[in-house]
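Peer 1: Curious how this folds, go ahead:
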Amino acid sequence: MKVINDLYDYENLKIVQESESFKFSLDSLLLAEFVDSVDNSKLILDLCTGNAVVPLVLSYYYPNKIVGFEIQEEIYQLAEESICFNHLEHQISLYHDTVIHIGKYFPGNNFDIITANPPYFKYNKTSLVNENVQKAIARHEIYLSLEELFQVVKYALKENGVFYLVHLPERLEEILALCEKYRLVAKKVQFVYTKENTNAGIVLVKCVNNAKNALVVSSPLYISKYKSYKNIFRK
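Peer 2: A predicted model of the protein is given here:
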């Protein structure tokens, strides 16, 4: 059943969701919050946009033009409905296609900022995947591998442009290897925990295209200590 929910405590923002199938995750909110202050002239690209949580949250803070790509038709339609419901058609533009085809729509080195909440799990014929097709595609690298994502980012990102990624901590070694391979230099790593004395649940990585090496590992973030996610990395 389709429902319209408040987008947490982002005033006046609503999100259209399917109550029994696809709902956005906290990871998307944290990814959007992880984006540093943005100059108004910067063009933003959100890859694997889902139902457009990252563009919606970024629109709450910034007036910048935002482009999103979503491969799944049903989820893309939810995202379009959310954008229309919030009257953000002038700011957010969505494309229903795989991010691998971005070259059909935009030239290389076109975006100042790229965000991505991609599928987390590797996929092969023996992988255990969710019987729900939407969730399986969103969670497993069925149509987009991690390296393919990095190839797309390298193509689309301007010189000294910034790439923000949310992923699983157990794949951080692979992420950093791909950063080095594609000269998307990791500048900041943020581990996020549900509570103290547990393993990190997700990791956020900020990269800069063709920058000098200078990696900072931020202090751990325990989300159970916060009642609101707004400005959570600026407190």
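Peer 1: okay, stretch 92-103 in PDB with CA atoms only?
Peer 2: Output of stretch 92-103 as PDB, limited to C-alpha atoms (Å, rounded to 0.1, in the frame of the first residue of the first chain):
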ATOM      1  CA  ILE A  92      15.500  17.800  -8.600                       C
ATOM      2  CA  SER A  93      15.600  15.900 -11.900                       C
ATOM      3  CA  LEU A  94      15.400  12.100 -12.100                       C
ATOM      4  CA  TYR A  95      16.500   9.600 -14.700                       C
ATOM      5  CA  HIS A  96      15.100   6.100 -14.900                       C
ATOM      6  CA  ASP A  97      18.100   4.200 -16.000                       C
ATOM      7  CA  THR A  98      21.200   2.400 -14.800                       C
ATOM      8  CA  VAL A  99      24.000   4.700 -13.700                       C
ATOM      9  CA  ILE A 100      26.300   2.900 -16.100                       C
ATOM     10  CA  HIS A 101      24.400   4.700 -18.900                       C
ATOM     11  CA  ILE A 102      25.100   8.200 -17.500                       C
ATOM     12  CA  GLY A 103      27.200   9.000 -20.600                       C
END
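Peer 1: Dihedrals phi and psi, the nearest residue to residue 57 once chain neighbours are set aside?
Peer 2: In space, and not counting its chain neighbours, residue 57 is closest to residue 32: 3.6 Å by C-beta to C-beta, 6 or more residues apart in numbering. To be clear about C-beta, it is placed using only N, CA and C from the backbone, and glycine gets the same treatment. The phi and psi values for residue 32, taken as degrees, to the nearest 10, are phi -60, psi -40.
Peer 1: ok, then the element right after the helix or strand bottoming out on mean pLDDT in the chain?
Peer 2: For the chain, using mean pLDDT, DSSP states H and E, the weakest element among its helices and strands is helix 133-139, scoring a mean of 58. Moving toward the C-terminus from helix 133-139, the next helix or strand (DSSP states H and E) is helix 146-156.
Peer 1: for that following helix, packing partners?
Peer 2: Other helices and strands packing on helix 146-156, by 3 or more C-beta pairs under 8 Å, 6 or more residues apart in numbering; DSSP states H and E, are strand 44-47, strand 111-116, helix 172-181, strand 184-193.
Peer 1: before we move on, the earlier item: the residue nearest to residue 57 touches residue 59, doesn't it?
Peer 2: No. Residue 32 lies out of contact with residue 59 (C-beta atoms under 8 Å); the separation is 9.5 Å.
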